[in-house]
Structure formats: structure tokens, C-alpha cells
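**Q** Have a look at this prediction, sequence included:
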There are 2 protein chains.
Amino acid sequence: MSEPQSSRANLSIGDVSELTGSSIDTIRYYERVNLMPEVERTSGGHRVYTDEHIRRLAFIRHSRALGLSLEQIRQVVDGTEGGSYSCEEWQSLLNLCAEGIVRQIDDLRTAERNLREMIDACGQAELPNCRVVERLLAGEIPQ
Amino acid sequence: MSEPQSSRANLSIGDVSELTGSSIDTIRYYERVNLMPEVERTSGGHRVYTDEHIRRLAFIRHSRALGLSLEQIRQVVDGTEGGSYSCEEWQSLLNLCAEGIVRQIDDLRTAERNLREMIDACGQAELPNCRVVERLLAGEIPQ
DNA sequence: AAACAAATCTGGAGCTACTCCATGTTCCGG
DNA sequence: CCGGAACATGGAGTAGCTCCAGATTTGTTT
Ligand SMILES: [Zn+2]
Ligand SMILES: [Zn+2]
Ligand SMILES: [Zn+2]
Ligand SMILES: [Zn+2]
């Protein structure tokens, strides 16, 4: 029956924005797509935030930095609200995410390699009409 | 005064799609955003493509695979039409692009590292209520 | 209390690079 | 000439925000 020490803060959206580093628009966006807990309003309609919102925002930011999609974050949030989020679920979510990231890195590395090849192909030439571009446009560099 | 050997092909959009591997919608999209040369029409309005379109599409595909944005590709295409595209321009474009890719790779690697840490933190535990998730939601894992 | 500026509100559009859809028209083989 | 495949158009949807205009609220200063 001990009260958790917080949930009272009375912050404006501008305060929250400064505290968390998320833009005001982003914070409202998260609310629109149901990632934020319900938020109180003043009589005039301005949003009033509590510590809980700050924590939720931090969670979203950290999860986004991990590469999770908003949909995945929603899963976790909804999961923990409507019960529990097990280690199994959490680990499989993160593993899935890690796989995606590895794939993306691979793709980017391939792109980088091809880019370097193109740069090399152009080489030290300093022509007003790049031969590489001409050949690319002419379809002479296939595959 | 020798004719270049092509520019006559009379292909339907479906043919072009099969030949290049770009979808019909994508081909029409490239036309809408001014990446394709003007395309003739039959009396009924169906598009009729030539070899030039095939080459342009190949150029777009290759450039996209290198990681260039449509805007960057447009720069090259417009540049070569209204004059020349120099090695200097080409190399600086590609270098710019390469830098962006390297940045993306770095970001993704950071994300992967953090993900692995999270997975480790959850560890071998098989709890119905993951402690890591709880702590993340509670804001106990800061920074 | 009145005025004023700063902050916030809403709804909507815009961004990238496509993809998908409904509805209507054209093309082509038999 | 007819049926079905291919094609046309316009518009909406995707992710994850960002930006805008125009109206309202809030907090401070006179
Ligand atoms: Zn766990
Ligand atoms: Zn190719
Ligand atoms: Zn060159
Ligand atoms: Zn943080």
C-alpha cells in the first residue's frame, strides 16, 4: 500500500518536449497512434502530462533507437498493460529485430561496395562529360 | 551521320515491366515524377516504349541499387540532358551518397549492439514477466 | 482589467518511393 | 464482332514523422 513516489508532475507539452528531446509534433503523433497513456487536459484543452508519460516517451525513444517499429513497441506496451510480457516474447521480438537490422546492414554494405566501384571506374578522370555516366545512361553497364 | 542502332522497339508497358523487372506501377510512377523520357501513345492512349526507355529504366534501377535517391538520379538525368555531367559532379554525388550509407551503417550497428545488450540483459531468464521490459517501462534504464 | 506575446490547439497536407485499388477503356485473337 | 486480357486514370494507403495556418489559451506586464 505504499504509494509509488511519482505520477504527479503537471507538465506542459513543451516541457515534455524539452525533457525528452522528442518534438511536440512527435509527442502528439504518438498520442494519435495510441502509444501514449491517456492525457489530462486543462479546462482550456491544453495537455497536462505526468511522470508516467515521461517514462513512456523514454521507453519509446529507447525502443526506436533499438530499431523497433512503432507497431512492435505497441505490441510490448499493450502486452504489458493487458497482462505480462514474457522473456520469451521479448527475446523473440528483439531477435526478429536484430535479424532485420543485419539484413539492412548487408544491403547497405553491398550498395557501398558498388558505389566505390563506380567511383573507381570514374577514377582520376576529370572530364566535362563523365564516361561512366554516359555508359550507364547508354545501358552499356548491364546486369 | 550513322544512325545509332536502336530507339525503335514498340514495347507495351507490360513488356517493359517484364524486361526490366520494374513493376508497371513503378514505371508509370517514374513517368509521373519526370524520370522517364516522353513516351508516345497509341491512338487509344496506351503507352509505347522504345529502347531509350529501357535504358533509362536500367539506369534508374542501377542507381537505386547504388543507394541514390530519385532526386539524385533526376539531377544526373537532367544534367546530362541540359549539357554534360562531369566526373567531378559524378564523383562528388557518389561520395556524398557513400557518406550517407556509412552513417546509416554506423547507426544500424549501434542499434544492433544495443539490441544484443538487451537480449543479454534478459538473459536465460524465462519469466512470464520480463524484468527488462518492466524496468524499461519504469524508466529505470535511462540514457 | 486590458492588452499582449508566447504557447498550445486542431485539422490537414507533405515527405519518400512505391503499391494497390476500383472503375472504365482499349487491344487483340478467334 | 465479341470476350477477355491488358491497359488507362485518379485516388488512397504505407511509416514516421514534420510543417503549416488559423483559432484559442495561458501567463505576464502595464
Ligand atoms: Zn526477460
Ligand atoms: Zn541491370
Ligand atoms: Zn567520370
Ligand atoms: Zn533516454
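**A** Nice, I can see it. Ligands and ions are numbered 1, 2, ... in the order given.

**Q** Relative to chain B, how far out is the residue nearest the centre of chain A?
**A** Taking C-alpha atoms, centre = their mean, the centroid of chain A lies closest to A:R64, which sits 3.6 Å from it. Applying C-beta to the nearest C-beta, to the nearest Å, the value for A:R64 to chain B is 9 Å. Placement of C-beta: from N, CA and C, glycine included.

**Q** Disregarding residues adjacent in the polypeptide, which is nearest to that residue?
**A** Excluding its sequence neighbours, the residue lying closest to A:R64 (C-beta to C-beta, 6 or more residues apart in numbering or on different chains) is A:I73, at 7.3 Å.

**Q** ok, which stretches of chain A are strands?
**A** With DSSP state E as the criterion, chain A has strands at A:40-41, A:47-48.

**Q** can I get those strands in JSON lines with distance to A:T80?
**A** Output for the strands of chain A, formatted as JSON lines (distance: least, C-beta to C-beta, whole Å):
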{"stretch": "strand A:40-41", "distance to A:T80": "22"}
{"stretch": "strand A:47-48", "distance to A:T80": "23"}
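
**Q** could those strands go into a markdown table alongside mean pLDDT, distance to DNA strand D and mean neighbour count?
**A** Listed next are the strands of chain A as a markdown table, based on pLDDT from 0 to 100; distance: least, C-beta to the nearest atom of the strand, whole Å; neighbours: other C-beta atoms under 10 Å in any protein chain shown:
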| stretch | mean pLDDT | distance to DNA strand D | mean neighbour count |
| --- | --- | --- | --- |
| strand A:40-41 | 97 | 8 | 10 |
| strand A:47-48 | 98 | 9 | 17 |
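
**Q** Switch those over to CSV; also include distance to ligand 1.
**A** Formatted as CSV, the strands of chain A follow (distance: least, C-beta to the ion, whole Å):
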stretch, distance to ligand 1
strand A:40-41, 32
strand A:47-48, 33
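
**Q** out of the ones you listed, nearest to A:L115?
**A** strand A:47-48 (45.5 Å; C-beta to C-beta).

**Q** Can you list the strands that that closest one pairs with?
**A** Here strand A:47-48 is paired, per DSSP bridges, with strand A:40-41 (antiparallel).

**Q** what's the spacing between the residue nearest to the centre of chain A and ligand 2?
**A** For A:R64, the distance to ligand 2 (C-beta to the ion, to the nearest Å) stands at 35 Å.
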